[in-house]
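A.B. asks: Output the structure for:
(one chain, ligands or ions: 1)
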Amino acid sequence: MSQQRHGSTPGEAGGVPAFPDLPEATIARLPEYLRALHHLAETGAETVSSEGLAAAAGVNSAKLRKDLSHLGSYGTRGVGYDVSLLVAQIEYILGLDENRAVCLVGVGNLGHALAGYAGFASRGFRVVALFDTDPRKVGEQINGLTVRHIDDLERIAAEESIAIGVIATPPGTAQTVADALVAAGVTSILNFAPGVLSVPSNVDVRKVDLAIELQILSFHEHRKASLTALPGGRSAAASPDKLPDNQKAVGS
Ligand SMILES: NC(=O)c1ccc[n+]([C@@H]2O[C@H](COP(=O)([O-])OP(=O)(O)OC[C@H]3O[C@@H](n4cnc5c(N)ncnc54)[C@H](O)[C@@H]3O)[C@@H](O)[C@H]2O)c1
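C.D. replies: Numbers count the residues shown, from 1 in each chain. I've put the predicted structure just below:
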């Protein structure tokens, strides 16, 4: 996943309470820590060491300690981090206590799967509206929601206070859809359509492209094959700097 980021740091705006200016890579790892912490809480753990949490989140512990220090969370020597306190801190920073309203535009193959996914609610989001232009899809019921025509976007976005829009339309219409979302007051967009969107500076766009992820893995396959072919039989596994980061998230 990649990110186009615009606009100022929240803490800089007048009257807005101080807010940590987190590195983008740290922000990308916080949801991983949160997932691991929720799992630990389910197993009854009240505290966790930085090594334990790092292993559960799939990052190295020095990186994790640095990330959490940005939140003012240092843990207690010999005890570790308080699981429920850290969950609350991360949820606060990610704004998950707001239970934000999300809409989805484009209810085709991918949109259907996304609209039917029950996991968004448990991760702090309400999918409140689905939009399409195809008359065969408008009126369809998915997961308790009726697919609306895109012409209703502005009215429903205002009624439901929609902050985040997900685009799952063909690439050729993604910019038009982004423009409609922005006109409707949406300030964050998750774009599944290939290509770059042009948006005003106050709008954040994140892009998901599984083909790019596969191309990056293809590069690593290529690299491993070329190292195995080195004279003397040296391989990727023999190169110490390649070992710990084999599960790197894009952008980290
Ligand atoms: N990011 C990924 O990893 C990934 C994976 C698969 C597909 N995709 C992309 O996701 C998008 C959707 O793929 P799909 O297979 O679901 O396509 P699809 O053709 O099955 O569905 C697209 C839907 O968008 C609707 N649509 C078209 N123009 C619209 C508009 N202006 N407003 C509202 N709705 C509109 C269509 O009626 C259709 O229902 C494509 O851009 C595709 O390339 C991305």
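A.B. asks: Just want the residue of this protein that's nearest the ligand.
C.D. replies: residue 108 (1.7 Å; C-beta to the nearest ligand atom). The way it works is simple: take the backbone N, C-alpha and C, and place the C-beta from them, glycine included.
A.B. asks: On the C-terminal side of the helix or strand where residue 155 lies, identify the next helix or strand.
C.D. replies: Residue 155 belongs to helix 153-160 when assigned by DSSP states H and E. Counting by DSSP H and E, the element after helix 153-160 in chain order, helix or strand, is strand 162-167.
A.B. asks: And the ligand, is whichever helix or strand comes after that next one touching that?
C.D. replies: Using DSSP H and E, the helix or strand that follows strand 162-167 in sequence is helix 171-183. Yes: applying C-beta under 6 Å from any ligand atom, one finds helix 171-183 in contact with the ligand at 171, 173, 176-177.
A.B. asks: Excluding its own residues, what touches helix 171-183? List them.
C.D. replies: With C-beta atoms under 8 Å, 6 or more residues apart in numbering as the test, helix 171-183 has contacts from 103, 105-106, 150, 153-154, 157, 165, 167, 169, 189, 191, 193-195, 197-200, 203, 205.
A.B. asks: Get me the contact residues on the stretch 151-252 of the chain for the ligand.
C.D. replies: Taking C-beta under 6 Å from any ligand atom as the contact definition, the stretch 151-252 of the chain meets the ligand at 168-171, 173, 176-177, 192-194, 208-210.
A.B. asks: Going by distance to residue 41, which of these wins?
C.D. replies: Nearest to residue 41, judged by C-beta to C-beta, of these is residue 208 at 27.7 Å.
A.B. asks: Helices of this structure, start to end?
C.D. replies: Using DSSP state H, the helices of the chain run over residues 24-42, 50-57, 61-70, 83-93, 109-115, 119-122, 153-160, 171-183, 210-228.
A.B. asks: what comes up buried for the third one?
C.D. replies: By neighbour count, and taking 16 or more other C-beta atoms under 10 Å as the criterion, the buried residues in helix 61-70 are 63-65, 67-68.
A.B. asks: Any chance you could list what contacts it?
C.D. replies: 20, 22-23, 26, 29-30, 33, 50-51, 53-55, 57, 74-75, 81, 86.
A.B. asks: Out of those residues, which end up buried?
C.D. replies: 22, 26, 29-30, 33, 50, 53-54, 57, 75, 81, 86.
A.B. asks: Show me how far stretch 37-45 is from its chain's centre.
C.D. replies: Stretch 37-45 sits 21 Å away from the centroid of its parent chain (C-alpha atoms, centre = their mean, to the nearest Å).
A.B. asks: dump the residue contacts of residue 152.
C.D. replies: Contacts for residue 152 (C-beta under 8 Å, 6+ apart) come out as residue 131.
A.B. asks: in stretch 183-198, what counts as buried?
C.D. replies: Residues 184, 186-193, 197 are the ones in stretch 183-198 that count as buried (16+ other C-beta under 10 Å).
A.B. asks: a markdown table please, covering these and showing pLDDT and distance to residue 227.
C.D. replies: Shown next, in a markdown table, are those (pLDDT from 0 to 100; distance: C-beta to C-beta, whole Å):
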| residue | pLDDT | distance to residue 227 |
| --- | --- | --- |
| 184 | 98 | 50 |
| 186 | 98 | 46 |
| 187 | 97 | 45 |
| 188 | 97 | 40 |
| 189 | 98 | 39 |
| 190 | 97 | 36 |
| 191 | 98 | 35 |
| 192 | 97 | 34 |
| 193 | 97 | 35 |
| 197 | 98 | 37 |
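A.B. asks: what's the closest of the residues you listed to residue 115?
C.D. replies: Of the buried residues of stretch 183-198, the one sitting nearest to residue 115 (C-beta to C-beta) turns out to be residue 192, at 12.5 Å.
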